[in-house]
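J.: here is a sequence with its predicted model. Questions after.
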Amino acid sequence: MHSNYHTHSTYCDGKASPRQMVDFALAHSFTHLGFSGHSPLPYRNTFSIHEDRYLEYCDTVRALAQEFADRIDIRLGLEIDYVPGLCEDFTPLVEQGGLQYTIGSIHLIPPPDHVEYLRDHPSEAAEHLWMIDGPHYQIYDEGLQRLFGGDIRRAVRCFFDQNNRMIESQRPTIVGHFDKIVMHNRDRYFHYDEPWFRDLVYETVQLIHETGCICEVNTRGIYKGRHNDYYPARDTLRHMNTLGIPVIVSTDAHAPEDLVRTEGAEEFLATIHYRNIVTTLP
Ligand SMILES: [Zn+2]
Ligand SMILES: [Zn+2]
């Protein structure tokens, strides 16, 4: 069974059309493919689906699902950015689009004292958000200095607080890369095994456990050469296994060839006898 539920396309920052992603999946014997474009945001940016094209994205995926129904199970989802002051309620997107599942992810972090301003001035959001993803660590460094005065612990705590609030209030189908804050850290400001950091990770893990969300095992950092571990990290997955948290492997594909870049995740989960592996959504 070949499946992937974390898939981008040219509707957001992906490199191929939804149809091209489907063609590749079919050529590689996938049985299930879920699309999860970056959710629209109310300010100019280069990565999310434009508000005006959101319904077109949904219709396009639905049409492909129908066209290929006898060959592959295609699902309509969205990777929704939970951003205090900008996007705190997934319901309108779910209802307007008729989404079948959601991935809840944090890429953008406002300092708490900027949230009210952000709420009233969404078009200026770019200046008030710490961007922790993307190809360039310099943007991470710049935001950390400018928005958090270089206080890495405070900034990281905001990242996890934001994850926790999203998990508790929105209950996404799948929790996306909840420790990705380590990627651009590149072992410079802190190490994963420092107690304060590990505590924040475990607190979020506990919340995922209590809410019953599925957690993804995201392989993108490895095949992009930006990180040497999955999101969440191998050690965190070992801990999650003791709690029986369901996990699903996802490649976070932005191009067709990314779809098969599972980077040994299934084999690793087998090695640690991971008990609760989800391969397809109901
Ligand atoms: Zn993401
Ligand atoms: Zn993604």
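T.: Thanks, I have the structure now. Ligands and ions are numbered 1, 2, ... in the order given.

J.: His8 contacts Ser36, correct?
T.: Yes - using C-beta atoms under 8 Å, His8 is in contact with Ser36, at 7.0 Å. In this view, the C-beta of every residue, glycine as well, is placed from N, C-alpha and C.

J.: and whatever residue of the stretch 51-200 of the chain ends up closest to ligand 2, what does it touch?
T.: Ligand 2 sits closest to Glu79 of the stretch 51-200 of the chain, with a gap of 4.7 Å, by C-beta to the ion. Glu79 makes contacts with 6, 8, 36-39, 102-103, 105, 176, as judged by C-beta atoms under 8 Å, 6 or more residues apart in numbering.

J.: are we agreed that Gly37 is in a strand?
T.: Yes - using DSSP: H, G, I helix; E, B strand; the rest coil, the assignment for Gly37 is a strand.

J.: how about the strands in the stretch 1-150 of the chain?
T.: 3-4, 32-38, 73-81, 101-105, 108-109, 130-131 (DSSP state E, counting those that start in this stretch).

J.: now do the buried residues in the third one.
T.: Yep, that's strand 73-81 we're talking about. By neighbour count, with 16 or more other C-beta atoms under 10 Å as the criterion, the buried positions of strand 73-81 are 74-81.

J.: among the contacts of Glu79, who's most crowded?
T.: Neighbour tally across the contacts of Glu79 (other C-beta atoms under 10 Å): the maximum, 31 neighbours, falls on Ser36.

J.: and that residue, how far from Thr7?
T.: According to C-beta to C-beta, to the nearest Å, Ser36 stands 6 Å off from Thr7.

J.: same deal with Ile72?
T.: With distances taken as C-beta to C-beta, Ile72 is found 12 Å from Thr7.

J.: okay, these two: which has more neighbours?
T.: The neighbour comparison of Ile72 against Thr7 (other C-beta under 10 Å) goes to Thr7, with 29 against 19.

J.: my read: the more buried one touches Leu259, true?
T.: Yes - the criterion here is C-beta under 8 Å, and Thr7 meets it with Leu259 at 7.1 Å.

J.: what touches both of these two?
T.: Common neighbours of Thr7 and Leu259, counting by C-beta under 8 Å, 6+ apart, are 21, 33, 251, 253.

J.: redo the residues you listed as TSV? Include neighbour count.
T.: Converted to TSV, those look like this (neighbours: other C-beta atoms under 10 Å):
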residue	neighbour count
Met21	29
Leu33	26
Thr251	24
Ala253	28
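
J.: these: which ones sit near ligand 2?
T.: Counting by C-beta under 5 Å from the ion, the subset of those that neighbours ligand 2 is empty.

J.: how about TSV for the strands of the stretch 1-150 of the chain, with distance to Ile222 and mean pLDDT added?
T.: Formatted as TSV, the strands of the stretch 1-150 of the chain follow (distance: least, C-beta to C-beta, whole Å; pLDDT from 0 to 100):
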stretch	distance to Ile222	mean pLDDT
strand 3-4	15	98
strand 32-38	19	98
strand 73-81	19	98
strand 101-105	18	98
strand 108-109	23	98
strand 130-131	21	98
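
J.: of those, which approaches Thr211 most closely?
T.: Relative to Thr211, the nearest member of the strands of the stretch 1-150 of the chain by C-beta to C-beta is strand 101-105, separated by 10.7 Å.

J.: so is that closest one next to ligand 2?
T.: No - remark: strand 101-105 sits outside contact range of ligand 2, by C-beta under 5 Å from the ion, the gap being at least 6.6 Å.
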